[in-house]
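Chemist: Next come a sequence and a model predicted from it.
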Amino acid sequence: MKRALILDLDNTIYPVSSIAGHLFERLFSLLDEYAEDINYEALIHAKDELTRRPYHLVADKYNFSNELKNKGIGLLKELTYDFPMQPFDEYHYIKSIPLPKFLVTTGFSKLQRSKVKMLGIENDFQEIHIVDPEISKQTKKDVFADIMERHGYYAGDVLVIGDDPESEIKSANELGIDTFLFDPENIHSSVQSTYKTSRLKDVTDRLS
C-alpha cells in the first residue's frame with residue numbers, strides 16, 4: 001500500500017495549454033526576433049516543447065545562442081502568472097486521496113509559485129518543492145530521495161505522478177519508485193513507466 005504521492009505540476013495538475021497564450025506571448029515574441037538563428041521548423045518545435053519542458057532544456061536542445069538563452073532566462077525568472085487557473089477536471093480524485101502529497105516542480109521560482117497560488121492548491125500538499133536550475137543544481141531525483149529519507153519512506157511506499165518521461169518519471173525510475181505517467185494524448189507509447197494512462201482518476205486504482 002502506498003504511503004505517499006509525489007506530483008509534478010505543469011501538464012499533470014493543470015494543462016499548460018490553458019495559460020500558454022498569456023504566459024508565453026513575450027517569450028515567443030523574443031524567439032521570433034531570433035528566427036534567423038533558428039530554422040523555421042526548429043522554432044515551431046521549440047515553441048511547442050516550451051509548453052511541456054523547462055526553458056533551459058529546450059534552449060540546449062535547439063542550440064539557442066547564449067544571448068537568446070540569457071535573454072529568455074532574464075524574462076522568465078521575473079515572470080509571474082496572475083490570471084485565474086483551473087486544474088484538470090479529474091484532479092479532484094487525486095486531491096481526495098487520504099495520503100500525504102508532495103509537489104515537486106521544475107521551473108523559475110516566482111513563476112511556479114504564482115501558478116500554485118492561482119490554482120489554489122497550496123493546502124493540498126504537505127510540502128512544495130521548486131527545482132529552479134537558476135538557483136541550485138538540485139534535481140528532482142535529489143528531492144525525491146530527500147523526501148523519502150526525511151519521512152522514512154521506502155521506494156515501494158511512494159508513487160510519482162507526472163507527464164514528463166525525461167524528468168520526474170526518469171528520476172523516479174532511477175530510484176526504484178513506482179511511476180504513473182499521465183499521457184492524455186498518448187504520445188509516449190514506448191516510455192518505461194509502472195503505469196501509463198490518459199486519466200488522472202486511474203491513480204486511485206494504483207495505490208496497493
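Modeler: Received, thanks.
Chemist: Let me know the distance separating Leu75 from Lys61.
Modeler: Counting by CB to CB, to the nearest Å, the separation of Leu75 from Lys61 is 19 Å. For the C-beta atoms, the positions are set from N, CA and C on the backbone; glycine is no exception.
Chemist: Next: Arg52.
Modeler: Arg52 is 12 Å from Lys61, by CB to CB.
Chemist: Would you list the phi and psi of Ala4?
Modeler: Dihedral angles of Ala4 (phi, psi; degrees, to the nearest 10) stand at phi -160, psi 150.
Chemist: got a list of what the spatially closest residue to it that is not a sequence neighbour touches?
Modeler: Excluding the flanking residues, the one nearest Ala4 by CB to CB, 6 or more residues apart in numbering is Pro100, at 4.7 Å. By CB atoms under 8 Å, 6 or more residues apart in numbering, the contact list for Pro100 reads Arg3, Ala4, Leu5, Gln126, His151.
Chemist: and Val116, how far is that from His56?
Modeler: From Val116 across to His56, the span is 20 Å (CB to CB).
Chemist: Just the strands from this protein, written as ranges.
Modeler: Assigned by DSSP state E, the strands in the chain fall at 4-7, 101-106, 127-131, 158-162, 178-182, 195-197.
Chemist: now those strands in CSV, with distance to Ile147?
Modeler: Shown next, in CSV, are the strands of the chain (distance: least, CB to CB, whole Å):
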stretch, distance to Ile147
strand 4-7, 7
strand 101-106, 6
strand 127-131, 7
strand 158-162, 8
strand 178-182, 14
strand 195-197, 20
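Chemist: And the ones you listed: which comes nearest Pro87?
Modeler: The minimum distance between Pro87 and the strands of the chain falls on strand 4-7, with 10.8 Å, by CB to CB.
Chemist: name the helices or strands packed onto that closest one?
Modeler: For strand 4-7, the packing partners by 3 or more CB pairs under 8 Å, 6 or more residues apart in numbering; DSSP states H and E come out as strand 101-106, helix 140-151, strand 158-162.
Chemist: quick one: average pLDDT of it?
Modeler: Model confidence over strand 4-7 averages 98 on the pLDDT scale.
Chemist: Show me which positions of that strand end up buried.
Modeler: Ala4, Leu5, Ile6, Leu7 (16 or more other CB atoms under 10 Å).
Chemist: out of the contacts of Pro100, who's nearest Leu181?
Modeler: Leu5 (14.2 Å).
Chemist: contacting residues for the closest one?
Modeler: Taking CB under 8 Å, 6+ apart, we find Leu5 in contact with Ile94, Ile97, Leu99, Pro100, Lys101, Phe102, Val158, Leu159, Val160, Ile161, Val203.
Chemist: With pLDDT and distance to Glu36 added, can I get those in JSON lines?
Modeler: Output for the contacts of Leu5, formatted as JSON lines (pLDDT from 0 to 100; distance: CB to CB, whole Å):
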{"residue": "Ile94", "pLDDT": "97", "distance to Glu36": "44"}
{"residue": "Ile97", "pLDDT": "98", "distance to Glu36": "50"}
{"residue": "Leu99", "pLDDT": "98", "distance to Glu36": "51"}
{"residue": "Pro100", "pLDDT": "98", "distance to Glu36": "50"}
{"residue": "Lys101", "pLDDT": "98", "distance to Glu36": "46"}
{"residue": "Phe102", "pLDDT": "98", "distance to Glu36": "44"}
{"residue": "Val158", "pLDDT": "98", "distance to Glu36": "47"}
{"residue": "Leu159", "pLDDT": "98", "distance to Glu36": "46"}
{"residue": "Val160", "pLDDT": "98", "distance to Glu36": "41"}
{"residue": "Ile161", "pLDDT": "98", "distance to Glu36": "41"}
{"residue": "Val203", "pLDDT": "97", "distance to Glu36": "45"}
